[in-house]
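S.K.: Pasting the sequence and the predicted coordinates here, then a few questions.
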Amino acid sequence: MHTCTRQQKSSHKKVHDAANIRAHGSVVPRISVRDYFYGDHKQERDLFLRAFSAFENNSDTNDPWSYFAIAGIHGLPIRRYDPTDASPDERAWGYCEHEAKDKCRDVAESLRVPYFDWESKETNGEVPDVFTEEKIKVKYPYKTEQSIDNPLFSYVLPIDLKKNSDVSNPTNDDN
């Protein structure tokens, strides 16, 4: 039986809170995947994809802020999440450039991870293309569109978990 208690504030709690609350404290409504990726949310979409791509590309398996560590909260790797506290000054907007920083912060205030409602009439039982395309085009500040590896298409675990877990490793050819 898995039990979760909140005896201390941990980094994953901060990640969850940061993703759900604007700077002034109000909750931002989530947007469907179809509206988010194929509607009028291009700036949010591009910021999300750039950030998610950078997030996945951190291959430091000991970094509690890496995709590897955070994804492990509810999946592979099966290991204890290390709740370290980083001061706000240590977290920078590293993916923003020069004057684009303020614009990115403004867009980030309304940025939420979109949801996928597989039962909606628009879905018709089909997975949106944004999850099945290996490459996706995003615009970086002061640059033209660039094609990047789609962070929503796949994730390759940075280490082989075969010896560390009884759970199959979907990125291992021996499965």
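M.R.: Thanks, I have it. Numbers count the residues shown, from 1 in each chain.
S.K.: can you map out the helices along the chain?
M.R.: Remark: helices assigned in the chain by DSSP state H are 11-20, 33-38, 42-56, 67-71, 100-109.
S.K.: elements contacting the shortest one?
M.R.: If I follow you right, that is helix 67-71. With contacts defined as 3 or more C-beta pairs under 8 Å, 6 or more residues apart in numbering; DSSP states H and E, helix 67-71 has no helix or strand neighbours. Bear in mind the C-beta positions are built from the backbone N, C-alpha and C, glycine included.
S.K.: Give the buried residues for that helix.
M.R.: Residues of helix 67-71 classed as buried: 67-70 (neighbour count, 16 or more other C-beta atoms under 10 Å).
S.K.: Point out where the protein drops to low pLDDT.
M.R.: Under the criterion pLDDT under 70, the flagged ranges of the chain are 1-25, 73-100, 142, 161-175.
S.K.: Mind doing that once more with 90?
M.R.: Low-confidence regions of the chain, defined by pLDDT under 90, span residues 1-45, 58-128, 139-146, 155-175.
S.K.: Residue 114 versus residue 29, what's the distance?
M.R.: 11 Å (C-beta to C-beta, to the nearest Å).
S.K.: So between those two, which is more surrounded?
M.R.: Counted by other C-beta atoms under 10 Å, residue 29 and residue 114 do not tie: residue 114 has more neighbours, with 21 against 7.
S.K.: Phi first, then psi, for the more buried one.
M.R.: With angles defined as degrees, to the nearest 10, residue 114 sits at phi -70, psi 160.
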